[in-house]
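# Pasting a predicted model and its sequence here:
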Amino acid sequence: MHPTPTGSVTAAPCPSLRSRSRARRGAASVLSFLLACVALLGVTAAPAQAAFPDHALRLIVPFAPGGAVDGAARPAALELGKALGQSVVVDNRPGAGGTIGIQAAAHAAPDGYTLLLGNIALASAPALYPQSGIDPKDFAPIALVGTTPYVLVVRADSPIKSVGELIAKAKAHPGKMNYSSAGTGSAIHLAGELFKAKAGVDIVHVPYKGASPALTALLGGEVDMMFSSAMEAAPMLSSGKLRALAVTSAERTSQFPDVPTLTEAGLKGYQVTGWYGVYVQAGVPADVLKTLQQKAQEGMRSDDMRKQLANYGLEAAKGDAAEARKMLDDETARWSEVIRNAHIKAN
């Protein structure tokens, strides 16, 4: 061997092209592996979406506590809450013929946690309160809760003993008889206006601030007649203070089996039913809507639900969403026509 000359530098062997290619591939593999790990960690770290519902819901009732509307809301909230596994809190928002509560529900976040107890106020709002912006089509149906007839009543000491006698007297004295209601645009007001249209009579409407004052006015002799909810009329009928002339439903009710329907009493084609349903904003996610509808059917069809509704003079409905949708659509069309024809203006 020959020694390397002092001060000279030995060059390192130059790697081949194949070796450099393998190195690049190895680095790329390591980088791909690291990127995959980062992506996996990102997916794992992302919070899982909570199943609906994960906290309490609220059911807005657009009327004050007490009365038939609130009476339908309480058991509905209880049974729906049981089915969902979360509390459903009743939130009474009275005022302006129900429009304050309806607007509150319409403007709530469309996440399924705010529900509305709808009734005739929702159906009649577009015609009664056109400036409110309320549109029943902005709500999706959850379930129909229950129905109830109204009862046409007079005082027990009234000389009028039948629907025929009432109509005959009203025709003989146009504009002289009157009837009370819970306020302009209320269900029992509209029931009275439909009666006037069907019977062809002129009876004066006297609005009060609620059904209880309207009933008190009848008992005190301030008015001649009234369409009352079955729940509110029942105690006065049992005590003999009022006389029932007819019920407004298509068939006689088990609560008043001896009282004829208005159709039986000679007023053909008259039928009005108080109804109560649960609705939610139309923009809620489809899976949330489906959950609400399915769970509502479980709750609305329970034996406990039927018993609780019966305490308020209500008959349980089938509980499905299709029934609730049809009821709202049909009632909106019907009462819009009555309000137009009667030239009713909300206060």
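Good, I have the coordinates. Numbers count the residues shown, from 1 in each chain.
# what residues does stretch 249-267 touch?
With contact meaning CB atoms under 8 Å, 6 or more residues apart in numbering, stretch 249-267 is reached by 147, 149, 151-152, 162-164, 167, 195, 198-199, 230, 234, 237, 244-248, 269-273, 313, 315. No exception for glycine: its C-beta is placed from N, CA and C like everyone else's.
# Could you identify the longest strand within this structure?
Using DSSP state E, we find that the single longest strand of the chain is strand 139-155.
# Buried ones in the following helix or strand past that strand, by neighbour count?
Later in the chain than strand 139-155, the nearest helix or strand by DSSP states H and E is helix 163-172. Of all the residues in helix 163-172, those buried under the rule 16 or more other CB atoms under 10 Å are 163, 166-167, 169-170.
# cool, and stretch 205-217?
205-208, 210-211, 214-215, 217.
# what's the pLDDT at Q131?
Looking at Q131, its pLDDT stands at 93.
# correction: G299
So G299 comes in at 86 (pLDDT).
# ok, now the one 4 residues further on?
At D303 the predicted local distance difference test score is 87.
# What of the one 4 residues further on?
Listed pLDDT for K307 reads 88.
# what's the spacing between it and L292?
Going from K307 to L292 by CB to CB, to the nearest Å gives 23 Å.
# Look at those two and report which has more neighbours.
L292 (27 against 11; other CB atoms under 10 Å).
# Starting from E222, give me the distance back to the more buried one.
Distance, L292 to E222, by CB to CB: 44 Å.
# same thing with N119?
Taking CB to CB, one finds N119 at 26 Å from E222.
# Looking at the two, which one has more neighbours?
Neighbours were counted for N119 and for E222 using other CB under 10 Å; N119 has more, 25 against 14.
# quick one: the residue nearest to A125 when sequence neighbours are not counted and V151, what's the gap?
Using CB to CB, 6 or more residues apart in numbering and skipping residues adjacent in sequence, the residue nearest A125 is I134, 4.1 Å away. For I134, the distance to V151 equals 29 Å [CB to CB].
# what's the answer for A64, then?
22 Å.
# Neighbour count for the two, which is higher?
Using other CB under 10 Å, the more surrounded residue of A64 and V151 is V151, with 29 against 13.
# Pull the number of nearby residues for the closest residue to the more buried one other than its chain neighbours.
Spatial nearest neighbour of V151, excluding adjacent residues (CB to CB, 6+ apart): A233 at 4.6 Å. Residues lying near A233 (other CB under 10 Å) number 27.
# where along this protein do the strands fall?
Using DSSP E, strands in the chain cover 57-61, 88-92, 114-118, 139-155, 178-181, 204-207, 225-229, 242-247, 273-281, 315-316.
# is it possible to export those strands to TSV including distance to V69 and mean pLDDT?
As requested, these are arranged in TSV below (distance: least, CB to CB, whole Å; pLDDT from 0 to 100):
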stretch	distance to V69	mean pLDDT
strand 57-61	6	98
strand 88-92	9	97
strand 114-118	7	97
strand 139-155	10	95
strand 178-181	15	97
strand 204-207	17	97
strand 225-229	9	96
strand 242-247	19	98
strand 273-281	7	95
strand 315-316	15	87
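# Now do stretch 240-260: distance to the chain's middle.
How far stretch 240-260 lies from its chain's middle: 27 Å, per CA atoms, centre = their mean, to the nearest Å.
# doesn't R93 make contact with R58?
No - R58 is not in contact with R93 according to CB atoms under 8 Å; the separation is 10.1 Å.
# hang on, the earlier thing: how about the residue nearest to V151, what does it touch?
Counting by CB under 8 Å, 6+ apart, A233 has contacts 151, 153, 215, 242, 244.
# Most widely separated two among these?
In these, the most distant members under the criterion CB to CB are L215 and A244, with 13.2 Å between them.
# And for G95, the neighbour number?
12.
# wouldn't it be in contact with G101 here?
Yes - using CB under 8 Å, G95 is in contact with G101, at 7.5 Å.
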